[in-house]
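[1] Return a 3D structure for these sequence lines:
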Amino acid sequence: MVKKLGLAVLYLGIAYLIYIYGEVILAWFQHSTNIALIMLIATIMALFPVIPYPIVGGVIGAAFGPVLGGVVTWIGSVSASILMFLFIRYGYQEWGERVLHRHNSLGKITVLFEKNAFVTILFTRLIPFIPSIIVNAYSALSRVSFAAYATASSLGKIPSMLLFAWIGDSLMTEPENIVVTIAVYSIFLAVTLSVHQRWRKNRAPEMPDQEMT
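    Numbers count the residues shown, from 1 in each chain. Here you go, the predicted structure:
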């Protein structure tokens, strides 16, 4: 218990520092040329999401352009999600498993999630308004393998991270392109959700009745 409380206090302490100095950090992004250090700071900003990461990605995109900015934003987000997964997996999984399986309905949902973890994580990552921390925590507390989580999470984050950087760059260069960018991504999301729903319908007959309730 002391270990868990200690980790939680440490996390909150760092989050508070980012809250205090967040504006300074964002301003520094716009003038720094040290890509490696920016990736490190971006990882920390994603790991402690006091400032919404789309804002961080937009600032980085405005500073470095949509391609390089997107890559930097993606590396920061992926690194943070992996670190968060490991932090929760090795600090809280035993406690989390008891919580997830305490109620029958939640336990069944968790079992289904674990069986289809790769596809589920991949599609949730494609939707930028689903909080990343929820996906990180739920995956880590369940029995999802690290390899499946890391691969699906990394692939699924590519479009949204490019989107954040592209919007940030467009705000600085061609603001009129933002509407087109958002429209294209909305179409992409609609197609993605449609494919996911069809996949779930095709999978449903293969699942035992007790798992579908």
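
[2] Check what pLDDT N177 gets.
    pLDDT recorded at N177 is 66.

[3] Point to the residue nearest the middle of the chain.
    The centroid of the chain falls nearest to S132 when counting by Cα atoms, centre = their mean (3.3 Å).

[4] ok, the closest residue to that one other than its chain neighbours to F146 distance?
    Distances taken as Cβ to Cβ, 6 or more residues apart in numbering place S81 nearest to S132, at 6.2 Å, with adjacent residues excluded. Quick note: C-beta positions are derived from backbone N, CA and C, even for glycine. Distance of S81 to F146, given as Cβ to Cβ, to the nearest Å: 12 Å.

[5] The two: which is more packed in?
    The residue with more neighbours, out of S81 and F146, is S81; 27 against 13, by other Cβ atoms under 10 Å.

[6] quick one: the more buried one and G69, what's the gap?
    For S81, the distance to G69 - Cβ to Cβ - is 19 Å.

[7] so S77 touches P159, yeah?
    No. Judged on Cβ atoms under 8 Å, S77 makes no contact with P159 at a distance of 11.8 Å.

[8] Among these two, which residue is more densely surrounded?
    It is S77, of S77 and P159, that has more neighbours when counted by other Cβ under 10 Å, with 28 against 19.

[9] what sits against the more buried one?
    Residues counted as contacts of S77 (Cβ atoms under 8 Å, 6 or more residues apart in numbering) are 42, 46, 53, 57, 132, 157, 161.

[10] quick one: contacts for the fifth one?
    Contact partners of S132, counting by Cβ under 8 Å, 6+ apart, are 46, 49, 53, 77, 81, 125.

[11] what about the last one, how many residues close to it?
    Applying other Cβ under 10 Å, we find 24 residues neighbouring R125.
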